[in-house]
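> With the sequence up front, the predicted model follows.
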2 protein chains.
Amino acid sequence: MKRASVSDVSKRAGVSTATVSRVLNSPERVSAPTRERVLEAIQELNFVKSATAFSFKSQATKNILVAVNNVGNIFYSEIFEGLQRRANAHGYNIIIKSPDLEAGNDPIIEALRTGSVDGVITLDDYFPPPDDYALLREIYQGTPPIVGFAERPDYLPYPHVWIDNRAAARAMTKHMIDRGHTHIGHLPGPPGSAATAERKAGFMEAMSEAGLKVDPEDIYEGGFHRDVGRRVARRLARRQTMPTAVFCANDETAMGFISEMSTLGIAVPDDISVGGFDNNAFADVYVPALTTIAQPRGEIGVSAMDLLHDVMRDPTANRNKVVELKYRLASRLSVARLRPTPSKKKLKESAAAEKG
Amino acid sequence: MKRASVSDVSKRAGVSTATVSRVLNSPERVSAPTRERVLEAIQELNFVKSATAFSFKSQATKNILVAVNNVGNIFYSEIFEGLQRRANAHGYNIIIKSPDLEAGNDPIIEALRTGSVDGVITLDDYFPPPDDYALLREIYQGTPPIVGFAERPDYLPYPHVWIDNRAAARAMTKHMIDRGHTHIGHLPGPPGSAATAERKAGFMEAMSEAGLKVDPEDIYEGGFHRDVGRRVARRLARRQTMPTAVFCANDETAMGFISEMSTLGIAVPDDISVGGFDNNAFADVYVPALTTIAQPRGEIGVSAMDLLHDVMRDPTANRNKVVELKYRLASRLSVARLRPTPSKKKLKESAAAEKG
DNA sequence: GTCTAGCGTGTAATCGGTTTCATGCCTAGC
DNA sequence: GCTAGGCATGAAACCGATTACACGCTAGAC
């Protein structure tokens, strides 16, 4: 039992394939009796248009590539959700792909070259070889159907959606300063990333605006990973004077930091305050509930898909379109008002007292 | 500047399209000089095979549909990662989709009917209309190229990957019993889900094997959501005698529970032990680190994709294939050995003492 | 009564590859 | 010297839909 084709339907209904196609695409151009016969035949044969044949003929796949560095990063989950929902609304499918590091291939280049997708959304700093992209631009006469979130390479300034990382970092830092903290540490994220640079700049600006000095020792470069937070926690715990607050440029890092501090017997926020960035899926059920910058991830997905849709419909008009989305400071428990801190020694004593 | 076609290449090289196709697919059948000329022409014109034309001709899209109820659920992240990696290896793309509840359409039916994908992987209890599936089975002569994780509807018993939820739940319960707990509560998850039923059964089995009675009051049906955990926490805190341990059939629920308990001044694991299920992305950096059942999510993705690949290559031979993956009990801090619990009153006293 | 406009429908080309079949040439075997 | 077989290549069909163009018929205008 094979799928029925237009030709099968046309035979069954005693008409030409052209008429069947008209019934499907502009039924008002077909006389009522003929239309009826064709529709019956379609029913009887259980006919559905072949997606591949349609793509071939129309030169449009209805597929959108979503390229990310690591599909498994939970940061994307909600973005995927927004993308998917919106793609459905526009009649697209989303194909999600990460670069295969061993093979060294670039999914974006490949997909656009083979024409297996109509457009591309890239969600992070995705920096493959410029020369291939130069070629792409040539092919697409300056406007490949690409849309991004946040950072873009200079050689391919595609339309994009972003949030103001610098302002957000400034807001978090100010939040800490407002609560009495003057000695604040910062974990800015992986070197080389634009997000890192922006967030760090925001931190520095807020500190300098408040007339506070930043000891280079209090900046801990690293990556957006729990192990970075853990490592920094161990290092901090050994120092003579700890900062009273630490701003991690990523919730996962913050959680790694807090959890390690907890096993070292240092409590958040009683002994040290911690702020994060992302408002990841578990920031609100963390103990303590994490004060963080909420990125509107669902909306990022929705906006990116809508933007791409615009770009695909009118590439030149939307060539330079940029959509800024609002961040939000989610103030919860992990950043507390500064109180005279009990020394570590005192803490141990009280713990001992409780046991005894 | 448009993409070059086989025909363009053939003209440039002064050969027929058949020869170009041979160079691409079975180069050994073309004489060296001709082959050279064709390859040159391909280079010069920057020729790449059209994906749509190929799909059309070969009747294979190289696309795999991954159907889930909610793309945004972070539980899938790592599974997606495994699926993606393996799909790449087999030369497939993955299209990720959730049903559009308003439109009431079923992505699986639609995708298979239009032929826009070659196969389907479904990751949770995905129970759309049986009659449509009956039709699908007819079309595919009994073996639609579908593979699932865990639960399947009776009317479409596709090959699948699973973990033994019942045994895993039994293991967690036994772990609590081994640590001295006899009064254990259980949050089994959303009613109607097979996972819920299995995990609950495992819990009951372990309790009865240990000769322990389960008060129906200690079973809290709900869903895999933080709010369920929170609600149960509030309810428990009001009871005269709390269980000394609670087994939540999902980490998110466990975290909601723990975080609410924490704001109520009840500490985990000092006052009550909590076990989870999933080993989600943050279970290890939670405070306290969460004791849970680790599902091998990456491996689930890998196995499902490999299984689908087998099914697509030989549907009849793999019609009933089932792959069982191993769970693991991750014993961390949230389940502690039972100690004589301080009453809530005592706790408040000691807190007051600390302040004073 | 003739001419024309327009409606409904069919014929055939088209998209870009792959594949079957045919053809011409060369070589080896007798 | 003739033939069989094999190799390199080309011509054309094909996958399933859409669409430009052609055609015939009817109705309305003069």
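Good, I have the coordinates. If you're wondering where the values come from, they're calculated on a predicted model, not measured in any experiment.

> Chain A against DNA strand C: which residues are in contact?
A:14-19, A:22, A:29-31, A:33-35, A:56-57, A:59 (C-beta under 7 Å from any atom of the strand). Where you see a C-beta, it was placed from the backbone N, CA and C, and this is true even at glycine.

> What score does A:T263 have for pLDDT?
We have a pLDDT of 95 for A:T263.

> one step back: could you tell me which ones among the residues of chain A next to DNA strand C also sit near chain B?
The residues of those that also fall near chain B, by C-beta under 8 Å from any C-beta of the partner chain, are A:56, A:59.

> List of residues touching the helix or strand hosting A:M172?
Using DSSP states H and E, A:M172 sits within helix A:165-178. The contact list for helix A:165-178 (C-beta atoms under 8 Å, 6 or more residues apart in numbering or on different chains) reads A:150, A:184, A:195, A:198-203, A:205-207, A:209-210, A:212, A:245, A:247, A:249, A:273, A:275, A:277, A:291-293, A:327, A:329, A:331, A:335.

> For the buried ones among those residues, write the corresponding PyMOL selection.
Per 16 or more other C-beta atoms under 10 Å in any protein chain shown, the buried members of the contacts of helix A:165-178 correspond to this PyMOL selection:
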select buried, chain A and resi 150+184+195+198+199+200+202+203+205+206+207+245+247+249+273+275+277+291+292+293+327+329+335
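
> So which of the contacts of helix A:165-178 belong to helices?
Counting by DSSP state H, these place A:195, A:198-203, A:205-207, A:209 in helices.

> DNA strand D: which of these is nearest?
Nearest to DNA strand D among those: A:A195, at 44.1 Å, using C-beta to the nearest atom of the strand.

> If we ignore the residues flanking it in sequence, what's nearest that closest one?
In space, A:A195 comes closest to A:N165 once its chain neighbours are excluded; the distance is 5.5 Å by C-beta to C-beta, 6 or more residues apart in numbering or on different chains.

> likewise A:A233?
Of all residues not flanking A:A233 in the chain, A:E260 sits nearest, at 3.7 Å (C-beta to C-beta, 6+ apart).

> What count of nearby residues applies to the one you found?
Using other C-beta atoms under 10 Å in any protein chain shown, A:E260 has 22 neighbouring residues.

> which residues of the stretch 251-356 of chain A fall in helices?
A:251-263, A:297-313, A:344-355 (DSSP state H, counting those that start in this stretch).

> mind checking how far the residue of the stretch 151-300 of chain A found nearest DNA strand D is from DNA strand C?
In the stretch 151-300 of chain A, no residue comes nearer to DNA strand D than A:P159, which is 28.0 Å away by C-beta to the nearest atom of the strand. From A:P159 across to DNA strand C, the span is 27 Å (C-beta to the nearest atom of the strand, to the nearest Å).

> what's the neighbour count on that residue?
22.

> what's the answer for A:D215, then?
Using other C-beta under 10 Å, A:D215 has 10 neighbouring residues.

> pLDDT below threshold where in the stretch 1-150 of chain A?
The stretch 1-150 of chain A contains residues with pLDDT under 70 at A:1, A:126-128.

> Chain B contacts on the stretch 101-250 of chain A?
Counting by C-beta under 8 Å from any C-beta, the stretch 101-250 of chain A comes close to chain B at A:103, A:113-116, A:135, A:138-139, A:141, A:226, A:229.

> now do the stretch 251-356 of chain A
A:252, A:255-256, A:258-259, A:262, A:280-282, A:284-289, A:298, A:350, A:354.

> what residues are up against A:F277?
Contacts of A:F277 by C-beta under 8 Å, 6+ apart are A:168-169, A:172, A:199, A:247-251, A:254, A:292-293, A:295.

> Save the residues of the stretch 101-250 of chain A next to chain B as TSV, and put in secondary structure and neighbour count too.
TSV is the format used below for these (DSSP: H, G, I helix; E, B strand; the rest coil; neighbours: other C-beta atoms under 10 Å in any protein chain shown):
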residue	secondary structure	neighbour count
A:A103	coil	9
A:R113	helix	20
A:T114	helix	17
A:G115	coil	20
A:S116	coil	23
A:L135	helix	14
A:E138	helix	12
A:I139	helix	15
A:Q141	coil	10
A:R226	helix	22
A:G229	helix	31
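
> can you count the residues close to A:K213?
A:K213 has 9 neighbouring residues, counting by other C-beta under 10 Å.

> Please verify my assumption that it contacts A:I184.
No: when contacts are counted by C-beta atoms under 8 Å, A:K213 is not listed as touching A:I184 (10.5 Å).

> which residues do those two both contact?
Shared contacts of A:K213 and A:I184 (C-beta under 8 Å, 6+ apart): A:M207.

> quick one on the thing from earlier: list just the nearest of the residues of the stretch 101-250 of chain A next to chain B to A:Q240.
A:G229 (21.0 Å; C-beta to C-beta).

> wouldn't that closest one be in contact with A:D251 here?
No: using C-beta under 8 Å, A:G229 makes no contact with A:D251, being 9.6 Å away.

> still on that earlier bit, out of the ones in helices among the contacts of helix A:165-178, the closest to B:S77 would be?
Proximity of the ones in helices among the contacts of helix A:165-178 to B:S77 (C-beta to C-beta) peaks at A:A195, which lies at 19.6 Å.
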